[in-house]
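Colleague: structure, please.
(2 chains, ligands or ions: 2)
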Amino acid sequence: MAKIHVSTTINGEPLEYLCDASASMLDILRGPLGLTGTKEGCGTGDCGACSVTVDGRLMCSCLMLAVEAEGKQIGTIEGMAQGGELHPLQQKFLEMAALQCGICTPGVLISARSLLEKNPDPTEEEVRFGLAGNLCRCTGYDKIVRAVMETAAEMREAAR
Amino acid sequence: MTEIRYLAPGSLDEAVKAFAAASGAASILAGGTDLLVQMRAGVRQPGTIIDIKKIPALTAIEELGGGAFRIGAAVPGAVLAEHPTFGKAWPGVLEAINLIGSKQVQGRASPGGNLCNGSPAGDSVPAMVAAGAVVTIQGPNGGRELPVEAVPAGPGRLNLTPGEIVVSFTFPDRPKGSSDAYLRMIPRTEMDIAVVGLAVNLSMDGGVVTAARVGLGAVAPTVLLVGDAAAALVGSRLEDAALEKAADACRAACNPINDKRGTIAYRTKVAGVLLKRVAAIAAQRAGGN
Ligand SMILES: Cc1cc2nc3c(=O)[nH]c(=O)nc-3n(C[C@H](O)[C@H](O)[C@H](O)COP(=O)(O)OP(=O)(O)OC[C@H]3O[C@@H](n4cnc5c(N)ncnc54)[C@H](O)[C@@H]3O)c2cc1C
Ligand code: FES
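Modeller: Ligands and ions are numbered 1, 2, ... in the order given. As a prediction, the model looks like this:
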């Protein structure tokens, strides 16, 4: 059967691709589109390495069909830095070394950005719950949580 | 692997026609947080996927007045959480739906999918049972309504006929002094499957329970409406004796499996414990109304 034609917007840029009905958004991002910043850990919604936003809402791209992106706005880690300038979360993760092997980092960053958009002043518990869908098997959670709290504080200060 | 067809009909009629025409070879896609996992594991191989998210009735949240609501079966948990009044009228239903998975899963997971996946441990189901929600179903032979507790037939099995789609859940009027609550027992604090899930929905007047419904999950092949537990609460002021009697009824209703998450004895005991805790939360909320 013919492949399905999809018109979507990824990180603000209109894009078109052809895909099988069974392909996940993750398959298409990492394959034909070459956007390999989005990672695959489990493929079953448990690890959050594949986190993206769809019309601004956080989702696992492994649990979304690529055909469902038709007419939607997809946000991936490649769109997080603006014009070569890192997002404050990215900057802070570097400064505070909030990563070990780094494979969970793109998903954690997408997820953390989504959390701070909804809640600019989260408690530590709220950060931990907010990021519960992102697994880090180096178990570097502590640095991650601290970096998110610190970024939140700085972003609040900057917004004043 | 055979090729899969993808359809995203814009009307319920089209969806029902396509679903019926595929005679068993099609799967409905709401959030896909069960379906896509099962497809990936090879346990489901639909010839056609029918995405129901483009059908207005499936994604609408309608406030019907007096605390009554109709919510589309495919509304994701995260969207329901952002609704300004649903969680005020039905905090127990909302907390149950919002317990499903992570923030990422919440972006997609729907109450319709939770019910239709047919797991006895689905978190939203006991809460919707306690709420007295009515399911609107549309099929090739027209529409019908069922109480939520009449939909599951056993693990992974439903009392739906081929071609039928769950359209919406209707939550009844909320008399003054009514509220609900849901708790589940899991071995960790997030991201796990309920060992026991229990919901209580209460109406109270001057401290006396005037109406009650109790939904119990993960302790039998289907989620249960525990009428005896509700009967023990009605007319009481939630004194210890009434709570103990209701807890007894919950323990008696249990017919659980023994597995790595919990033994029969443990699940049965926890059902009683949760009844007391959840009734207390629901009563506190009802008083605050
Ligand atoms: C990481 C992870 C964590 C999870 N945690 C939990 C948890 O804590 N608690 C819990 O209860 N569940 C959990 N789940 C399971 C799942 O997220 C829920 O069951 C969810 O509510 C399913 O909704 P959905 O919209 O994604 O359903 P889908 O996957 O789209 O559908 C589920 C099933 O129902 C059918 N279906 C869907 N909608 C309809 C309809 N309107 N009419 C007829 N049939 C329909 C589908 O064909 C499919 O068989 C988890 C899943 C994942 C991946
Ligand atoms: S790859 Fe999607 S959650 Fe793990």
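
Colleague: without its sequence neighbours, what residue ends up closest to whichever residue of chain B sits closest to chain A?
Modeller: Residue of chain B nearest chain A, by C-beta to the nearest C-beta: B:Ser102 (2.3 Å). Where C-beta positions appear, they are placed from N, C-alpha and C, glycine not excepted. Nearest residue to B:Ser102 in three dimensions, chain neighbours excluded: A:Gly133, at 2.3 Å (C-beta to C-beta, 6 or more residues apart in numbering or on different chains).

Colleague: leaving out the residues flanking it, which one is nearest to A:Lys143?
Modeller: The spatially closest residue to A:Lys143, leaving aside those adjacent along the chain, is A:Ala98, at 4.2 Å (C-beta to C-beta, 6+ apart).

Colleague: for the one you found, what are its contacts?
Modeller: Residues touching A:Ala98, when contacts are defined by C-beta atoms under 8 Å, 6 or more residues apart in numbering or on different chains, comprise A:Lys92, A:Thr105, A:Gly140, A:Lys143, A:Ile144, A:Arg146, A:Ala147.

Colleague: next, it: secondary structure please.
Modeller: Assigned with DSSP: H, G, I helix; E, B strand; the rest coil, A:Ala98 falls in the coil class.

Colleague: what's it sitting at in phi/psi?
Modeller: Note on A:Ala98: its backbone torsions stand at phi -90, psi 50 [degrees, to the nearest 10].

Colleague: can you check B:Lys260 too?
Modeller: Here is the backbone geometry of B:Lys260 (degrees, to the nearest 10): phi -60, psi -20.

Colleague: residues of the stretch 101-250 of chain B that sit close to ligand 1?
Modeller: Taking C-beta under 6 Å from any ligand atom, the part of the stretch 101-250 of chain B that reaches ligand 1 is made up of B:101, B:105, B:108-110, B:112-114, B:116-117, B:122-123, B:165-166, B:191.

Colleague: sitting in helices, which of those residues do you find?
Modeller: Among these, the residues falling in helices (DSSP state H) are B:Val105, B:Gly112, B:Gly113, B:Asn114, B:Cys116.

Colleague: ok, and the closest non-adjacent residue to the second one?
Modeller: Right, B:Gly112. Of all residues not flanking B:Gly112 in the chain, B:Ala73 sits nearest, at 2.6 Å (C-beta to C-beta, 6+ apart).

Colleague: quick check on the one you found: phi, psi?
Modeller: B:Ala73 adopts backbone torsions of phi -60, psi -20, taken as degrees, to the nearest 10.

Colleague: center of chain A, which residue is that?
Modeller: A:Ile110 (3.0 Å; C-alpha atoms, centre = their mean).

Colleague: quick one: the helix or strand harbouring that one near ligand 1?
Modeller: Taking DSSP states H and E as the criterion, A:Ile110 maps to helix A:105-118. No. Applying C-beta under 6 Å from any ligand atom, one finds that helix A:105-118 is not in contact with ligand 1, the shortest distance being 13.1 Å.

Colleague: what's the first helix or strand after that helix?
Modeller: Proceeding C-terminally, helix A:105-118 gives way to helix A:124-130 as the next helix or strand, assigned by DSSP H and E.

Colleague: now stretch B:134-154: how far from the chain's centre is it?
Modeller: Remark: stretch B:134-154 is offset 13 Å from the chain centroid, using C-alpha atoms, centre = their mean, to the nearest Å.

Colleague: okay, buried residues for it please.
Modeller: Of the residues in stretch B:134-154, those buried under the neighbour-count criterion (16 or more other C-beta atoms under 10 Å in any protein chain shown) are B:Val134, B:Val135, B:Thr136, B:Ile137, B:Gln138, B:Gly139, B:Val148, B:Glu149, B:Val151, B:Pro152.

Colleague: any chance of the residues you listed in CSV, plus secondary structure?
Modeller: Listed next are the buried residues of stretch B:134-154 as CSV, based on three-state DSSP:
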residue, secondary structure
B:Val134, strand
B:Val135, strand
B:Thr136, strand
B:Ile137, strand
B:Gln138, strand
B:Gly139, strand
B:Val148, helix
B:Glu149, helix
B:Val151, coil
B:Pro152, strand
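
Colleague: how about the helix holding A:Ile110: buried residues?
Modeller: Using 16+ other C-beta under 10 Å as the test for burial, helix A:105-118 gives A:Thr105, A:Pro106, A:Gly107, A:Val108, A:Leu109, A:Ile110, A:Ser111, A:Ala112, A:Arg113, A:Ser114, A:Leu115, A:Leu116.

Colleague: right, and the first one touches A:Leu99 too?
Modeller: Yes. If you go by C-beta atoms under 8 Å, A:Thr105 and A:Leu99 touch, sitting 4.7 Å apart.

Colleague: shared neighbours, the two?
Modeller: Joint contacts of A:Thr105 and A:Leu99 (C-beta under 8 Å, 6+ apart) are A:Phe93.
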